[in-house]
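[1] next one to model:
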Amino acid sequence: MKKLFKVLPFLLLAICTYSQQVSQIYFPGGASLSYISILVDNDVLIRITEDGKILEWGMEVKSLRSDYYAPKLQPYLGRVDYYEPESDSAYRGKIKNIGTCTLTYYGHTETDIKVGKIRALGNLILDYYSNFDYATRKGKLRFIGNLILDYYSPAENEAYRDKLKSIGNTPITYYSTFDDKYIKGKIKSIGSVAYTWYSSFDLKSGLKSGLYRQNIGGITYILQ
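    The predicted model follows:
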């Protein structure tokens, strides 16, 4: 029994830590990053931009007849709390709890680039690029938990400069300005998964090979 009580706190910590994780990354049209979905408790997704703003939260709805998911999340009907009027003005009135997941924000004691941005979703800590980085990276997410987000530099090819280059150990490549005009700037590969698109020589448009929605390295990448 004593051993059980010693192990229990670690089990609870592991469960809590696992319950918040990067679940999805969305590239509409297979081009620039639009949002990152964080999976929290009870299958609730919180969608945030790359500069740490909440877009929406709720449950993802899948069609009964196909592998199609509704673009908008189904509203979460559980408990949602907000920070009180006496809180730091940087996060006053912002979401405090979604279910059992607590959200914290950077306050006015932090650098200007971080003030008001999400600091943590439960145990998942977020950090951002600072004023000492490229101007195009300032304020963008740098870390989500132990995952680092890297971006192409402003000196790279115009078709993918400043776009997301990797997340964690998963590299992301894009078609360049030297490729067909219909596919330049679109994703060429994510990790070991390659994507090809219909070009200006085809009668179709869109993805030619590869899946619009695919799990790579434990994260679902959505290109549609």
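
[2] use CA for all of it now, contacts and neighbours both
    Noted.

[3] tell me which residue is most central in the protein.
    Nearest to the geometric centre of the chain sits I36, at 1.8 Å (C-alpha atoms, centre = their mean).

[4] now for whichever helix or strand L149 is part of, which elements pack on it?
    For L149, the enclosing helix or strand under DSSP states H and E is strand 147-151. For strand 147-151, the elements it packs on are strand 141-144, strand 164-167, judged by 3 or more C-alpha pairs under 8 Å, 6 or more residues apart in numbering; DSSP states H and E.

[5] out of those, which comes closest to S192?
    With C-alpha to C-alpha, the closest approach to S192 among the helices and strands packed on strand 147-151 belongs to strand 164-167: 12.4 Å.

[6] show residues contacting the helix or strand following that closest one.
    Later in the chain than strand 164-167, the nearest helix or strand by DSSP H and E is strand 170-174. The contact list for strand 170-174, computed with C-alpha atoms under 8 Å, 6 or more residues apart in numbering, reads 159-160, 164-166, 184-191, 217.

[7] show the average pLDDT along the helix or strand just after strand 170-174.
    Next along the chain after strand 170-174, taking DSSP H and E as the criterion, comes strand 187-190. Here strand 187-190 scores 98 as its mean pLDDT.

[8] pairing partners for strand 187-190, with directions?
    Strand 187-190 sits in its sheet next to strand 170-174 (antiparallel), strand 193-194 (antiparallel), going by DSSP bridges.

[9] what comes up buried for that strand?
    I187, K188, S189, I190 (16 or more other C-alpha atoms under 10 Å).

[10] OK, contacts around the second one?
    The reference is to K188. Listed by C-alpha under 8 Å, 6+ apart, the contact set of K188 reads I172, T173, Y174, Y175, A194, Y195, T196.

[11] list the contacts of D127.
    Applying C-alpha under 8 Å, 6+ apart, the residues near D127 are R119, L141, R142, F143, I144.

[12] which residue is the nearest non-sequential neighbour of D180?
    S199 (6.3 Å; C-alpha to C-alpha, 6 or more residues apart in numbering).

[13] wait, I meant I95
    Once flanking residues are discounted, I95 sits nearest to Y82: 4.3 Å by C-alpha to C-alpha, 6+ apart.

[14] if we can go back for a sec, relative to D67, which of the helices and strands packed on strand 147-151 is closest?
    strand 164-167 (25.4 Å).

[15] so where do the helices sit in this protein?
    Ranges of helices within the chain are 2-18, based on DSSP state H.

[16] for it, which spans come out with low pLDDT?
    Flagging of the chain using pLDDT under 70 yields the residue ranges 1-19.

[17] mind doing that once more with 50?
    For the chain, the stretches flagged by pLDDT under 50 are 1-18.

[18] still on that earlier bit, my read: the residue nearest to I95 touches K94, true?
    Yes: between Y82 and K94 there is a contact at 5.4 Å, judged by C-alpha atoms under 8 Å.

[19] nice, that's everything, thank you.
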